[in-house]
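Here you go, sequence then predicted model.
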Amino acid sequence: MNLPVCIYIWFMSNVISSIDDQAFAGTPTARRIYLGGNQLGPILRKQWFAGLPNLQTLSIYGNQFNSLEDGCFQNLTTLRYIDLHGNDFTIIRKSMFSGLPNLYWLSLYGNHIHTIEIGSFEGTALTKLYLYDNDLVTLSQCMFGPCMFA
């Protein structure tokens, strides 16, 4: 794909089941990518979004993801909005959203999340976090920020 001035990319509600590594590399100005309602999964790969220095919105709801490749969002420092609702996540690991200092909106509702590791949201700027309709049983003392022990 070579669309050097494309800002918005919509591939919602198709039957996409795979994405080639660096598929969006020819769209360096892309700010929003919508891949919701497809058949992608089970692992969200970091190579799919390589070369997107301006990406602000990533919507990949309603797929079949159950995990993220380590460092998946590592070089997407401008990312502000991630929609992962309606997938198959069960655990939110501490490293999943690291390196996202501008992330303020995160939707994880409608998954099967039963565990959120302590510090999973550290280093983000979250003001909106949607976790309803999951399998959470316990909210730990330090789940949403650093703990200070005396």
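Great, that's in hand.

Return the distance of residue 83 relative to residue 57.
For residue 83, the distance to residue 57 equals 8 Å [Cβ to Cβ, to the nearest Å]. For the C-beta atoms, the positions are set from N, CA and C on the backbone; glycine is no exception.

Look at those two and report which has more neighbours.
Using other Cβ atoms under 10 Å as the criterion, residue 83 and residue 57 rank with residue 83 on top: 21 against 17.

Could you give the bridge partners of that one?
residue 59, residue 107 (DSSP bridges).

Check residue 44 too.
Taking DSSP bridges as the rule, residue 44 bridges to residue 68.

Look up the pLDDT of it for me, please.
Predicted confidence (pLDDT) for residue 44: 96.

Endpoint to endpoint, stretch 106-117 covers what distance?
Stretch 106-117 has an end-to-end distance of 16 Å (Cα to Cα, to the nearest Å).

So for that stretch, what gets flagged as buried?
By 16 or more other Cβ atoms under 10 Å, the buried positions in stretch 106-117 come out as 106, 107, 108, 109, 110, 111, 113, 116.

Let me have the residues you listed in a markdown table, extended by pLDDT and distance to residue 41.
Output for those, formatted as a markdown table (pLDDT from 0 to 100; distance: Cβ to Cβ, whole Å):
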| residue | pLDDT | distance to residue 41 |
| --- | --- | --- |
| 106 | 98 | 19 |
| 107 | 98 | 17 |
| 108 | 98 | 15 |
| 109 | 98 | 17 |
| 110 | 98 | 15 |
| 111 | 98 | 12 |
| 113 | 97 | 15 |
| 116 | 93 | 20 |
